[in-house]
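> Need the 3D shape of this:
(chains A and B)
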Amino acid sequence: MGKNVLVVDDEPMVQYSVKRVLESSGFTVACADSGPACLELLRKGFKGLILMDIVMPEMDGWDTIQAMVDEGLNEGNVICMLTGKEVPDVKMDQLKEYILDYVRKPFDNAKLVQVVSYYSGFIA
Amino acid sequence: MVDRIIVMGSSAGGPRILKEIFSGMPKLNAGMVLVQHMPRFINQSLRESISRVTEMTVAVAEDGDMLENGKVHIAPSELHLQLVQNRHLRLIKGEKINFVCPSVDVTMMSLKPMDGMKMYGVILTGMGRDGADGIAYMKRIGGVTVAQNEETSAVFGMPKEAAATGCVDYVLSPVEIRERLIQWIGVAVGR
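Numbering: from 1, shown residues only, chains lettered A, B, ... in the order given. Below is the predicted model:
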């Protein structure tokens, strides 16, 4: 079962809290504070579960996923949105084949661990 | 030949909800097709996830497979799945429909009205409107139609669009969907 998680979020507090919650449950957590930083980690070989924010400066979560797909960097990685956006915007419609779930912030710690544990089981 | 068919469609949040729906589900007296929008490498993981919690047999569909009572066929990624004469499965390469392949609409709209055949269409969590035309079609040919409720949907897009057609009979939670399917369809003989 994959235990690697990549948190893509421009908010340091979100990175910190997700990392703390998941590491205490045995996950190895990396963080990227932007879409380009996420892509760089993927190019370096990250494989695992990606928790993707939507609203980020420079490159939003949807554009980041599109870039992943264009470069083939999504292969073998499970993508779940972790976002404060209550309702996803229409950009998700064209990317929905690549996104397995949509979890809202603020999150319940137990639910986050449950979701991450479940989808980590999908990673070879 | 099966005389009850369930077609269930889902997108974002679907794998989690499918696990909940299938938890403790006995072998239903129906053939079942699942269309989940997902990358190809997830296909077998989803099959295993569902298979672990239900008595139903779960398989990733192959071209030519026959529908069987008590068996779930998962539509493989990147191929549309049609039912031929409500009896066997045809997998087709094709353009994306509603931005996806496989499309829930394609599967639902391949069903044919037949005497004595009961059909059940279920639209679960997900973005967009895939499945809305399919559920309206299933209602027109006499099927029973269900959409997941907003409270339990990760994204209340597909169920909302399905309900907006005016062709959804029931709006239910995952647990209620499981219980209703068992109640409506019954358990396969020889269990």
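
> what ranges do the strands span in the chain?
Here I'm looking at chain A. Under the criterion DSSP state E, chain A contains strands at A:4-8, A:28-32, A:49-52, A:78-83, A:99-104.

> Switch to chain B, please.
Using DSSP E, strands in chain B cover B:4-10, B:31-36, B:57-60, B:71-74, B:80-84, B:88-92, B:118-123, B:144-148, B:170-172.

> Which of those sits closest to residue A:73?
Proximity to residue A:73 (C-beta to C-beta) singles out strand B:31-36 among the strands of chain B, at 22.1 Å. C-betas here are computed from N, CA, C, even on glycine.

> counting contacts, what elements does the closest one pack onto?
strand B:4-10, helix B:14-22, strand B:71-74, strand B:80-84, helix B:104-108 (3 or more C-beta pairs under 8 Å, 6 or more residues apart in numbering or on different chains; DSSP states H and E).

> Turn the ones you listed into TSV, columns for mean pLDDT and distance to residue B:170.
Output for those, formatted as TSV (pLDDT from 0 to 100; distance: least, C-beta to C-beta, whole Å):
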stretch	mean pLDDT	distance to residue B:170
strand B:4-10	98	13
helix B:14-22	98	14
strand B:71-74	98	20
strand B:80-84	98	22
helix B:104-108	98	16
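
> Serialize those to TSV and add fields for distance to residue A:72 and mean neighbour count.
Shown next, in TSV, are the helices and strands packed on strand B:31-36 (distance: least, C-beta to C-beta, whole Å; neighbours: other C-beta atoms under 10 Å in any protein chain shown):
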stretch	distance to residue A:72	mean neighbour count
strand B:4-10	25	26
helix B:14-22	22	23
strand B:71-74	24	24
strand B:80-84	23	21
helix B:104-108	26	28
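
> Distance to residue A:44 added to the ones you listed, as CSV?
Output for the helices and strands packed on strand B:31-36, formatted as CSV (distance: least, C-beta to C-beta, whole Å):
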stretch, distance to residue A:44
strand B:4-10, 33
helix B:14-22, 28
strand B:71-74, 33
strand B:80-84, 36
helix B:104-108, 37
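
> Around the residue in chain A positioned nearest to chain B, how many other residues sit close by?
Nearest residue of chain A to chain B: residue A:122, at 3.9 Å (C-beta to the nearest C-beta). Neighbour count for residue A:122, taken as other C-beta atoms under 10 Å in any protein chain shown: 21.

> wait, it sits on residue A:116?
No. Using C-beta atoms under 8 Å as the test, residue A:122 is too far from residue A:116 to be in contact (11.0 Å).

> Chain B contacts on chain A?
Contact residues (C-beta under 8 Å from any C-beta of the partner chain) of chain A with chain B: A:74-76, A:78, A:81, A:88, A:92-94, A:96-103, A:115, A:118-119, A:121-124.

> Derive a ChimeraX selection command for the buried subset of the residues you listed.
Selection of the buried residues among the residues of chain A next to chain B in ChimeraX, burial being defined by 16 or more other C-beta atoms under 10 Å in any protein chain shown:
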select /A:74,78,81,88,92,93,94,96,97,98,99,100,101,102,103,115,118,119,121,122,123
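
> Out of the residues of chain A next to chain B, list just those in helices.
Residues of the residues of chain A next to chain B located in helices (DSSP state H): A:115, A:118, A:119.

> measure the residue of chain B found nearest chain A to residue A:37 for me?
Closest contact between chain B and chain A, by C-beta to the nearest C-beta, is at residue B:45 (3.9 Å). Between residue B:45 and residue A:37 the distance is 27 Å, computed by C-beta to C-beta, to the nearest Å.

> do stretch B:55-75 and chain A meet?
No. Judged by C-beta under 8 Å from any C-beta, stretch B:55-75 makes no contact with chain A; its nearest approach is 12.1 Å.

> Next, the buried residues of that stretch.
In stretch B:55-75, counting by 16+ other C-beta under 10 Å, buried: B:56, B:58, B:60-61, B:65, B:67-75.

> do the same with stretch A:27-38
Using 16+ other C-beta under 10 Å as the test for burial, stretch A:27-38 gives A:27, A:29, A:30, A:31, A:32, A:33, A:34, A:35, A:37, A:38.

> thought residue A:69 was touching residue A:95?
Yes. Here residue A:69 reaches residue A:95: they are 7.4 Å apart, a contact under C-beta under 8 Å.

> what about residue A:25, how many residues close to it?
With neighbours defined by other C-beta under 10 Å, the count for residue A:25 comes to 15.

> need the contact list for it.
Each residue near residue A:25 by C-beta atoms under 8 Å, 6 or more residues apart in numbering or on different chains is listed here: A:113, A:116, A:117.
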